[in-house]
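**Student:** my questions concern the predicted model and sequence given below.
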Amino acid sequence: MDRLPIVVAIPTKNEAENIARTVRSVIDHFEAVVVVDSGSTDDTCKIAAELGAEVVPYVWDGGYPKKKQWCLDHVHPGTPWLLFLDGDETPSPELLAELRHCFSRPLKVAAFDIPLGYWFAGRRLRHGYTIVKRALLDRTRCHFPVLGDLDAPGMGEQEGHYQPVAPSVWRLTSPIEHEDLDPVRTWFERHNRYSDWEAWLEHHPEVKEEIRQAKTRQGRLFHKAPFKPLVSFAYAYLYKRGFLDGRAGFDYALAMSFYRWQIGLKAREGHSGAPFAGSTRTTSPSGTPGTGRR
């Protein structure tokens, strides 16, 4: 079977629980599979290499470019198309077939948005809130924006919750399956960090507007909606029929609502003058990032 003319980049850190399944799902279908690892202390790199993936170390220097833009710049740069997969994601067979159809002819678009088949607490969700990732990029025409969020806590080396900039985009219909085998507590740990970043943005409207212009994953109207936790739950569980997924649909809608509540609470705490967790970076008088410890 001919391999797709696409490089798969898998940014990782301590993904030993998931990485074997991810690498196996792509190793025979794509031109190259590269695990870009940020100092894993488990067997992530060993497992990936044994399965045939290239393993490239990555060390963040505290500035831009962050990890995904670094991948666009350095991971097999001679191949224009790059697909980002998380360490717990696999392309569905339907997506592989759809990609083969797309790449059987000249392409005019610069990027593809791909829906996620999302798993939560061990169950595949068929309804509710839908996540779409701009995961497949022509690196010669796409880039991640440089934003003024280096002082923000919560994200570190990874770009935040915004999409890469592309001059033209096509949405595919087949999903990437996002199934995390780690316990559900890790979901809450990650989103606790993410909410630090989101709350910081509430106090930096200029950066928040930059992210909105970069076509954030959230709808633009949602940014201005009052009572976001309730709106989030009603949208996912009722309007998008998350209730059809049973208990898992309820749990996920409630978890996302709790995430919105965390953001609001932390933002209000920031208004009281309390520092944001993890935000220890200093800035120079010109407003550029300084050398404070993180």
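**Tutor:** Alright, I've got the coordinates.

**Student:** next, count neighbours for the residue nearest to W119 when sequence neighbours are not counted.
**Tutor:** Counting by Cβ to Cβ, 6 or more residues apart in numbering, W119 lies nearest to E179, which is 4.0 Å off, once chain neighbours are set aside. All C-beta spots, glycine's among them, are computed from the backbone N, C-alpha and C. E179: 17 surrounding residues under other Cβ atoms under 10 Å.

**Student:** pop out the phi and psi values for E179.
**Tutor:** The phi/psi pair for E179 (degrees, to the nearest 10) reads phi -120, psi 100.

**Student:** look up how far G117 lies from it.
**Tutor:** Here E179 is placed at a distance of 8 Å from G117 (Cβ to Cβ, to the nearest Å).

**Student:** identify the contacts common to the two.
**Tutor:** Taking Cβ atoms under 8 Å, 6 or more residues apart in numbering as the criterion, E179 and G117 both touch R124.

**Student:** if we can go back for a sec, how far away is the residue nearest to W119 from G87?
**Tutor:** Distance, E179 to G87, by Cβ to Cβ: 11 Å.

**Student:** show me where the stretch 151-294 of the chain has helices.
**Tutor:** Taking DSSP state H, counting those that start in this stretch as the criterion, the stretch 151-294 of the chain carries its helices at 185-202, 205-213, 228-233, 246-271.

**Student:** need the residues that contact the first one.
**Tutor:** It stands for helix 185-202. Residues outside helix 185-202 that contact it (Cβ under 8 Å, 6+ apart) are 120, 149, 151-155, 160-161, 180, 207-208, 211, 255, 259, 262-267, 269-270, 276-279.

**Student:** what about dumping the CA coordinates of that helix to CSV?
**Tutor:** Only the C-alpha atoms of helix 185-202 are listed here, as CSV (Å, rounded to 0.1, in the frame of the first residue of the first chain):
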residue,chain,number,x,y,z
ARG,A,185,-8.4,12.1,37.1
THR,A,186,-5.7,13.1,34.5
TRP,A,187,-8.5,14.8,32.5
PHE,A,188,-9.3,17.0,35.5
GLU,A,189,-5.6,17.6,36.2
ARG,A,190,-5.0,18.9,32.6
HIS,A,191,-8.1,21.0,32.6
ASN,A,192,-7.2,22.5,36.0
ARG,A,193,-4.0,23.8,34.3
TYR,A,194,-5.9,24.9,31.2
SER,A,195,-8.3,26.9,33.3
ASP,A,196,-5.4,28.8,34.8
TRP,A,197,-4.5,30.0,31.2
GLU,A,198,-8.1,30.8,30.3
ALA,A,199,-8.6,32.8,33.5
TRP,A,200,-5.4,34.7,32.9
LEU,A,201,-6.8,35.7,29.5
GLU,A,202,-9.8,37.3,31.2
